[in-house]
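Engineer: no FASTA, just this:
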């Protein structure tokens, strides 16, 4: 199995690129808001209950998928590089899949804040992420997270072999998916 962790700041295009990559490869996509928006119907993601349930759902999905015969699985997330807990989480889920014979691929997307604020309002994003439909809140959260955390790696910081970084500011998601597919020979 191929396990792709597609990461980068909010509204950089992870889900949309993941959708195109899934369509081109028949890999399954589990974008981070599938669990967040499900749980937020009951508990805000920022609460202890919300975080616990999101983590529980993700853990159970990862357990089942890592033992399955799926060819590939794409997971999207925001990685806050200044938090050791985020480094630990990426390592934990990578090790789970690797322990079951999967190959892990890390794909980092980047685009500047101005571009991400534009993408925050796209039809596809709002259709698939109900919690982002409150644009005022979503923009404030995006800016606040940008100011508080480092959301892209420093060159050379990620030392895994199967790693690709793409500045997708001026590249359509479909082309980014092609770039990923070609780079890793999927």
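Structural biologist: Perfect, thanks for sending it. Fair warning: this is a prediction, and the values are worked out from it, not measured in the lab. Residues are numbered from 1 along each chain as shown.
Engineer: Go ahead and confirm residue 141 touches residue 10.
Structural biologist: Yes: counting by C-beta atoms under 8 Å, residue 141 touches residue 10, with 7.4 Å between them. In this view, the C-beta of every residue, glycine as well, is placed from N, C-alpha and C.
Engineer: what about these two, which has more around it?
Structural biologist: Under the criterion of other C-beta atoms under 10 Å, the comparison of residue 141 against residue 10 puts residue 10 first, with 22 against 16.
Engineer: Let me see the contact set for the residue lying closest to the more buried one once chain neighbours are set aside.
Structural biologist: Excluding the flanking residues, the one nearest residue 10 by C-beta to C-beta, 6 or more residues apart in numbering is residue 142, at 4.8 Å. Under the criterion of C-beta atoms under 8 Å, 6 or more residues apart in numbering, the neighbours of residue 142 are 9, 10, 11, 113, 116, 117, 120.
Engineer: Who are the packing partners of the helix or strand residue 50 falls within?
Structural biologist: Secondary structure assignment for residue 50, by DSSP states H and E: helix 48-66. Using 3 or more C-beta pairs under 8 Å, 6 or more residues apart in numbering; DSSP states H and E as the contact test, the elements touching helix 48-66 are strand 28-30, helix 33-39, helix 84-98.
Engineer: what is the mean pLDDT for that helix?
Structural biologist: On average, the pLDDT along helix 48-66 is 96.
Engineer: mind listing what's buried in it?
Structural biologist: Residues 50, 53, 54, 57, 58, 61, 62, 65, 66 are the ones in helix 48-66 that count as buried (16 or more other C-beta atoms under 10 Å).
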